[in-house]
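*Asks:* Here is a sequence with its predicted model. Questions after.
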Amino acid sequence: MTLDVSRFLEVASVHLLTRSLPAVGDAYEQSALGALAVLLSVVREDFDRAAERRVAENAALREIFAQAVDIVEDPALRGQLEAAAGKGEPSLRVSDLERVNSELRALLIMLHAEVETLDGGAARDCEVRIWRELAASTERRRIAIGPF
Amino acid sequence: MSDLAVRLAAYIKKRLPDAKDVRVEGLERIFGGASRETYRFVLHLREGDTETQRRLILRRDPPGSLIETERAIEFETYRAFYGSVVPVPEPLWLEEDDRWLDHPFFVMEEIVGFESNPQLIAQPPFSEHAAAFAERTWTILGEIARADVKALGIDAVMETVSPAACAERELAFWEAKIDRDEACPQPVIRAAIRWLRRNPPPPAQKVGVVHGDFRTGNFLFDAEGRIGAILDWEMAHLGDPLEDLAWGLNPVWRFGGDERAGGLAPNEDAIRIWEAASGLIATPEALRWWEVFSCVKGQAIWISGGHEFSKGANQDPILAVAAWLMGNSQDRAALHLLGKLS
């Protein structure tokens, strides 16, 4: 049998809601179980896409950095952008991808702040690309039951 | 009685030395109070030949919360508004000595016969009263904005601020929370913070009481279309009243599954009602600043709660749910308000 994690989480969530929750008398604990069931359903949604989302996002950020190298005037930032743009993923483990993603998003914040101060069409184009990626990354992370 | 009930009864006995047979019964925790542990209970006691019982609420500081707040300010704000046009429960006792219940706490009246669950307000029979709820809640918010800070005496416990400094003070406060607690970089919210600094709002028209979390979910409502009380004043402070208006309009509080603010009414209606009650004007530029700010504040709250959960200070599942579920929606709201969400 191959373990289907998504199915397991679905079953666990439904079990909590339909079996465990009614069996608990305390109202606070009932609500806490309900919240845990919601959490499992969120984990289920995020689990399947975890590696793909991070790989896609890291690639998109490296592409932005590669294009931004010629725009940025600060040599230290330019060096960081060049270095980040040239690297690949250390592995496909989610923890590794997430660590790299955090490094790249921290660099994106620095680049975004820098580009906002620069004049010229190339800087504006870069800014547009950054905002487009921020919207895309927020969409990749979207949770179906989120309130907005 | 549970240990907590016994200790609470002992405390109340100290506060009411003439009372006899003081008992705390039916003590149960209410889910969802993410910044305080909230319990309801029935206080039984005898005064002379008269036996009385009263339903009360205990609000106790947790070991960690969505955001650290000052319970004395919350208590004094209840006290300032109790009996006014702004409906709040009667506050009874504030205790900051840990020896009674391990953490500081206060006790107040329980308002019965009302609901607070925001998911219910968009469903029958409550949804039939959406317009009435909207009229009443934004009128109350306008009354809070209109209130005279000095007459309330609230300036004795809340830090004062000049009209020109309201915006930057709040922005710096919440930015510092993000700096301290973020588990991963926040490029959307950092961009929003830079936008806010580049586009400062005009000075506040007045410095008033800001509830700090005025939204659907933090007031009591019933099936007759009535508002029973405004709750959860733990983030109350002095500031620009537009902060409260903008917070309630944040898309993450829509609840109704459509574009109505708080699941109740279009933004324009909410603004019109609030302006009429407050006597203030919500200019689009100033309101937009505070709406974008509300996303920064919201994200700071979700980040802070997630931090408390992750470090083990408070493992109430509501903190994890809020951090995971609301964080993405808050980024989406920021992008939407900045015109960057396609």
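*Replies:* Everything's here; your move.
*Asks:* and the lengthiest helix in chain A, what does it pack onto?
*Replies:* Longest helix in chain A, counting residues (DSSP state H): helix A:27-68. Judged by 3 or more Cβ pairs under 8 Å, 6 or more residues apart in numbering or on different chains; DSSP states H and E, helix A:27-68 is in contact with helix A:5-15, helix A:21-23, helix A:75-85, helix A:94-116, helix A:121-140, strand B:20-30, helix B:317-321. C-beta: built from backbone N, CA, C; applies to glycine.
*Asks:* Tell me how many other residues crowd residue 132.
*Replies:* Using chain A here. 14 (other Cβ atoms under 10 Å in any protein chain shown).
*Asks:* Actually, chain B is the one I wanted.
*Replies:* Residue B:132 has 15 neighbouring residues, counting by other Cβ under 10 Å.
*Asks:* Spatially, what comes nearest to residue B:262 if we skip its sequence neighbours?
*Replies:* Distances taken as Cβ to Cβ, 6 or more residues apart in numbering or on different chains place residue B:216 nearest to residue B:262, at 3.8 Å, with adjacent residues excluded.
*Asks:* give me phi/psi at that neighbour?
*Replies:* The phi and psi values for residue B:216, taken as degrees, to the nearest 10, are phi -60, psi 130.
*Asks:* and stretch B:283-301 with chain A, contact?
*Replies:* No. Using Cβ under 8 Å from any Cβ of the partner chain, stretch B:283-301 stays clear of chain A, with a minimum separation of 10.3 Å.
*Asks:* how about the residue of chain A found nearest chain B, what does it touch?
*Replies:* Residue nearest to chain B within chain A: residue A:31 (3.2 Å; Cβ to the nearest Cβ). By Cβ atoms under 8 Å, 6 or more residues apart in numbering or on different chains, the residues touching residue A:31 are B:31, B:32.
*Asks:* per-residue confidence at it?
*Replies:* Note for residue A:31: predicted pLDDT of 89.
*Asks:* Name the nearest residue to the residue in chain B that chain A sits nearest to, ignoring sequence neighbours.
*Replies:* The nearest approach of chain B to chain A comes at residue B:31, 3.2 Å away (Cβ to the nearest Cβ). In this structure, residue B:31 finds its nearest non-sequential neighbour in residue A:31, 3.2 Å apart by Cβ to Cβ, 6+ apart.
*Asks:* Most distant residue from the centre of chain A?
*Replies:* The C-alpha centroid of chain A is most remote from residue A:25, which lies 38.0 Å away (Cα atoms, centre = their mean).
*Asks:* quick one: residue B:159 from residue B:192, how far?
*Replies:* Distance of residue B:159 to residue B:192, given as Cβ to Cβ, to the nearest Å: 25 Å.
*Asks:* Of those two, which one has the most company?
*Replies:* residue B:192 (25 against 10).
*Asks:* Excluding chain neighbours, what is closest to the more buried one?
*Replies:* Excluding the flanking residues, the one nearest residue B:192 by Cβ to Cβ, 6+ apart is residue B:334, at 4.8 Å.
*Asks:* Fine, thanks again, bye for now.
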